[in-house]
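Student: structure for the following, please:
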Amino acid sequence: METARGSAATTVTGRVRRWLSGWGFKEWRRAGLVAVLVATAAFGGLDTVNKQITDLKPGEMFDNGRFEMTVQRATLVDEVRAGKRVLFSDKPGRRYLGLVMKVRNHSTLPGAVYNPIELPGRPGAHFLSSMRVADGTGEIVLGPGLADEVVLVWELPAEALSVGDEVAVRILREVRKLGATYSQGWVRDEARYARLTVPVGGPR
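Tutor: This next block holds a predicted model:
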């Protein structure tokens, strides 16, 4: 019985060797690629890559490390007003895109809400300011635990975007450097961000 089992094993081994000996460069290359992918997945490499990007919808909160941010809506206008004050006036061939979001500082330091957002695929968009929705004041600084409704304003070519379109938005994560203070210490992590598309509405 032992001899029979050994003979069978030897036969199977021989068949495998003959099968592998017939492989060419393409077969060995494909096998090597599969082995690398399996090893990467086993050690969590694929998961690490996938976790760099978070997909959101308008109204969903994203923690970027310093702020909790919730994009609410996007508005396209010819001029920007705060009550009767004109903050950015009408310009021929130009329009203004406002992105309204709720921002809460959950860090232990005051934080300036300047421009934590990117508009990928919009090279003609020029960031102007971040302002409080309530009164149009700029240079917003939120203390720890405080929240506010903020609008970020870009100027862009009039033909670049229309009411009814969708605009892609990217919220970058921020990392606090060791010994960070209010004035310095937070840096952007370009590899980790949240992304979403927001419908563009008209003036309210």
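Student: tell me where the chain has strands.
Tutor: 53-55, 61-63, 67-77, 80-82, 85-88, 94-105, 111-112, 117-118, 126-132, 141-142, 147-157, 166-176, 186-201 (DSSP state E).
Student: and the fourth one, which strands flank it?
Tutor: Just to be clear, that refers to strand 80-82. As defined by DSSP bridges, the strand partners of strand 80-82 come to strand 85-88 (antiparallel).
Student: same check on the last one?
Tutor: Based on DSSP bridges, the pairing partners of strand 186-201 within the sheet are strand 53-55 (parallel), strand 67-77 (parallel), strand 166-176 (antiparallel).
Student: tell me the buried residues in the first one?
Tutor: To tie it back to what came earlier, the one meant is strand 53-55. Neighbour-count burial for strand 53-55 flags Thr54 (criterion: 16 or more other C-beta atoms under 10 Å). Placement of C-beta: from N, CA and C, glycine included.
Student: still on that earlier bit, closest to Leu146 out of the strands paired with strand 186-201?
Tutor: Nearest of the strands paired with strand 186-201 to Leu146, taken as C-beta to C-beta: strand 67-77 at 10.5 Å.
Student: same question for that closest one, mean pLDDT?
Tutor: Strand 67-77 shows a mean pLDDT of 96 in the predicted model.
Student: what do you get for stretch 172-186?
Tutor: Mean predicted confidence for stretch 172-186 is 66.
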